[in-house]
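Visitor: Below are the sequence and a predicted model for it; my questions follow.
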Amino acid sequence: MNIVVCVKQVPDTATERKLRSDDKTLDRDAVDGVINELDEYAVEEALRLKEAHGGEVTVLTMGPAKAADTIRKALAMGADKAVHLVDDALAGSDALSTSYALAQALGRVGFDVVVLGSESTDARTGVLAAMLAERLGVPQLSQARKVEVNGSAVTIERVTDYGYDRVEASLPAVVSVVEKINEPRYPSFKGIMAAKKKPVETLGAADLEADAGQLGLAGAWSEVVDFAVAPPRAAGTVVKDEGDGGAKAAEFLASKKFI
Amino acid sequence: MSVEDELLELVRDIAAKEVVPRAVSYEQEGRFPREVFTLLGEAGLLGLPYPEEHGGGGLPYSTYLRVVEELAKAWLAVGLGVSVHTLSCFPTFAYGDLSRLPEMIGGSLLGAYCLSEPQSGSDAAALTTRAAADSGGYVVDGVKAWTTHGGVADFYTLMARTPAGVSCFHVPAGLEGLSFGPAERKMGLRSSPTAQVRFDSVRLAHDALIGAEGQGMRIALAALDGGRLGIAACAVGVAQAAFDAAAGYARERKQFGSRIVDHQGLAFILADMATAIAAARALYRDAAALRDAGRPYGTRAAMAKLFATDTCMRVTTDAVQVLGGYGYVEDFPVERYMREAKVLQIVEGTNQIQRLVIGRAIAKADPM
């Protein structure tokens, strides 16, 4: 089975993240990049699918040169090879232009199943799986907490507010996963060493045979018009209990329409 | 990123997610974290300084020690456990049957090192445990003391007396006649079991012998040279953890209207702590560089062990002082670091023995 797992390098959530003042996109140079947490689950699931059904796991990422560190992490976990989409023309992509570039790359790489995290910790749009599936003309199975492949069919348990749905589709398909799905493995030292020798293909915008107007900041449909630092949390309201504490608490809850 | 950077990133990741969260409760309960060593073994971290062709990581000792420091910073029981395991494999690597090594360092097994006895500590050569010749090999009788991983290890690297002098043996766990005392109730490092290992007519095959008969003390001391660097790295790790806690606290805590780190009297304590840690780290790395270059490093290793563990004791004591009353209670980690530091001045040769080693080298005008 030809498994492609999409990963994204995101700013470390433990550090202060900033937008650039000129084009109001994320300042990726100012922060340490780490693999998007949910993508580790996606890599793990891709490796498990390979272990169960054979085949090959290809890592696909789009990002600046330093995103190579994130590729190596996925390769160290056990993926077989990688494709790195890197080009200044791709900088500033929104979800729509990202999905366009990745879909073009996936068309070139080929796949039976694409696995990805259901959202990233930076932009958190959570729409990429749907957009990719639409662009590729294949079914999307999203928010999976369990994935099973049986012949040419893929079945997932899709997490919902009320429990889960069992959803089935035919391959090829796009599957997005949630953190309930597995426990990602740690790379091993041997995996780190082996990753150095695994092939990483670098693709630029020209390799995508894409409409340049749909790529990068130029091709983005959304634009950050303005941004501001979140205001510090305001002090809470202190209600002194003078025998009527309960009533005051109820009043407060009612005013917020909680009761 | 270099391989070393990626390796350390992996170690920090495991330390943060798997080691730190267990440390406090396991130390309180005196519970041994075998599952952490299993994980470290799966990640390939239990044989880092041994050659790749024997299943090791093929890394320089200096890199291995950085891993030990990171683990000890998270939890001494784990960093020290890796050091003791690595030490226990050394005789087989340097003098023994290399076909046995891949399994020993492959990650699923944990080793222990049996040299000290109730009546023979610093005077290790006075050991009385005997390995008597027998038709099939040897029969061992005696008691070993202060064995780290005693009762939980998968193999024991044993020094015992034979007619030709002290000899070194590989003893798998589970042999008949091998038993263990209860875990010692220690001041700190409680989750790492330390116990007597008792040999009651334990039969060993001929091939249990590592090196030649009578070579045991030389093997034991060669293993300890490397082990001392492991302890030095552990000491730097614990000291760094104590410093980080103290410095973090000093940047937040306010007294007399300003952060206590802005009071010169307190900042000077922290400055001395940071300086001593940097010097200790530089010294163990220097000794490791000698070893990696294939040059004599035993004296420098003794210096590193002596300086790093004395530094650790002083730094952790000062960290308690910086936190004041909060430093003395279990709600903050620094009292634990101070209790852990003490053992490092004792194990792998007391610091008085380290001075003896250094003094003898001076007397003989050996290269330092």
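Guide: Okay, I see it. Please read all numbers here as calculations on a predicted model, not as lab measurements.

Visitor: Let me see the contact set for whatever residue of the stretch 1-150 of chain B ends up closest to chain A.
Guide: Nearest residue of the stretch 1-150 of chain B to chain A: B:Gly44, at 3.6 Å (CB to the nearest CB). For glycine as for every other residue, the C-beta is placed from the backbone atoms N, C-alpha and C. Neighbouring residues of B:Gly44 by CB atoms under 8 Å, 6 or more residues apart in numbering or on different chains: A:188-191, B:57, B:107.

Visitor: got it, and A:Ala173?
Guide: A:113-114, A:133, A:138-141, A:154.

Visitor: One more pass at 10 Å, please.
Guide: Contact analysis of A:Ala173 by CB atoms under 10 Å, 6 or more residues apart in numbering or on different chains lists A:111-115, A:133, A:136, A:138-141, A:149, A:153-154, A:156.

Visitor: what's the farthest-apart pair in the contacts of B:Gly44?
Guide: A:Gly191 and B:Gly107 (12.9 Å; CB to CB).

Visitor: all strands in chain B, in order from the N-terminus.
Guide: Taking DSSP state E to define them, one finds strands in chain B at B:111-114, B:130-134, B:137-148, B:155-162, B:165-172, B:178-180, B:194-205, B:209-210, B:254-255, B:258-259.

Visitor: re the thing from before, what residues are shared contacts of A:Gly191 and B:Gly107?
Guide: B:43-44.

Visitor: Quick check: closest non-adjacent residue to the residue in the stretch 151-259 of chain A positioned nearest to chain B.
Guide: Nearest residue of the stretch 151-259 of chain A to chain B: A:Phe189, at 3.6 Å (CB to the nearest CB). Excluding its sequence neighbours, the residue lying closest to A:Phe189 (CB to CB, 6 or more residues apart in numbering or on different chains) is B:Gly44, at 3.6 Å.

Visitor: pretty sure A:Arg72 is touching A:Val200, no?
Guide: Yes. Using CB atoms under 10 Å, A:Arg72 is in contact with A:Val200, at 8.3 Å.

Visitor: hmm, back to that, now which of the contacts of B:Gly44 would you call buried?
Guide: Buried members of the contacts of B:Gly44, scored by 16 or more other CB atoms under 10 Å in any protein chain shown, are A:188-189, A:191, B:57, B:107.

Visitor: Give me the distance from the longest strand anywhere in chain A to the chain's centre.
Guide: Criterion DSSP E: the longest strand present in chain A is strand A:140-150. The chain centroid and the centroid of strand A:140-150 are separated by 15 Å under CA atoms, centre = their mean, to the nearest Å.

Visitor: I'd like the next helix or strand past it.
Guide: strand A:153-160 (DSSP states H and E).

Visitor: Give the next helix or strand downstream of that next one.
Guide: strand A:163-170.

Visitor: Tell me who's in contact with A:Ile156.
Guide: A:141-149, A:164-169, A:173, A:175-177, A:181.

Visitor: Can you report phi and psi for A:Ala74?
Guide: Here is the backbone geometry of A:Ala74 (degrees, to the nearest 10): phi -70, psi -40.

Visitor: no wait, B:Gly47
Guide: phi -150, psi 30.

Visitor: Can you pull the poorly scored residue ranges out of the stretch 201-350 of chain B?
Guide: Within the stretch 201-350 of chain B, no stretch has pLDDT under 70.

Visitor: in it, what residue is nearest chain A?
Guide: B:Gly248 (14.7 Å).

Visitor: That residue: neighbour count?
Guide: When neighbours are defined as other CB atoms under 10 Å in any protein chain shown, B:Gly248 has 11 of them.

Visitor: And it, how close does it get to B:Gln264?
Guide: 19 Å (CB to CB, to the nearest Å).

Visitor: burial measure for the residue lying closest to A:Gly63 once chain neighbours are set aside, as a count.
Guide: Leaving out its chain neighbours, the residue that sits closest to A:Gly63 by CB to CB, 6+ apart is A:Gln9, at 5.0 Å. Neighbourhood size, A:Gln9 [other CB under 10 Å]: 25.

Visitor: partners of A:Gln9 in the sheet?
Guide: Beta-bridge partners recorded for A:Gln9 (DSSP bridges): A:Ile35.

Visitor: Would you mark the buried spots in the longest helix along chain A?
Guide: The residue-count maximum for a helix in chain A (DSSP state H) belongs to helix A:37-53. Neighbour counts over helix A:37-53 (16+ other CB under 10 Å) mark A:38-50 as buried.

Visitor: ok, so of those residues, who is nearest chain B?
Guide: Nearest to chain B among the buried residues of helix A:37-53, with distances taken as CB to the nearest CB, is A:Glu40, at 10.4 Å.

Visitor: Hmm, that closest one is touching A:Ser120, no?
Guide: No. In this structure, A:Glu40 is not within contact of A:Ser120 by CB under 10 Å, at 12.0 Å.

Visitor: returning to that earlier point: gap between the residue of the stretch 1-150 of chain B closest to chain A and A:Ile192?
Guide: Taken as CB to CB, the span from B:Gly44 to A:Ile192 is 9 Å.

Visitor: joint contacts of these two?
Guide: B:7, B:10, B:57.

Visitor: which parts of the stretch 51-200 of chain A sit against chain B?
Guide: A:66, A:68-69, A:72-73, A:76, A:185-193, A:195-196 (CB under 10 Å from any CB of the partner chain).

Visitor: again, 7 Å this time
Guide: Within reach of chain B by CB under 7 Å from any CB of the partner chain, the stretch 51-200 of chain A has these residues: A:69, A:72, A:186-190, A:192-193.

Visitor: Return the residues in contact with the residue nearest to A:Gly63.
Guide: A:33, A:35, A:61, A:63, A:67, A:70 (CB atoms under 7 Å, 6 or more residues apart in numbering or on different chains).

Visitor: For the third one, pull up the helix or strand it's in.
Guide: Yep, that's A:Thr61 we're talking about. Short version, using DSSP H and E: A:Thr61 is in strand A:56-62.

Visitor: which residues are contacting that strand?
Guide: Residues contacting strand A:56-62 (CB under 7 Å, 6+ apart): A:2-9, A:46-47, A:50, A:67, A:70-71, A:74-75, A:79-85, A:90, A:98, A:101-102, A:105-106, A:109.

Visitor: So how do I select the buried members of those residues in ChimeraX?
Guide: Listed next is the ChimeraX selection for buried residues among these, using 16+ other CB under 10 Å:
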select /A:2,3,4,5,6,7,8,9,46,47,50,67,70,71,74,75,79,82,83,84,85,90,98,101,102,105,106,109
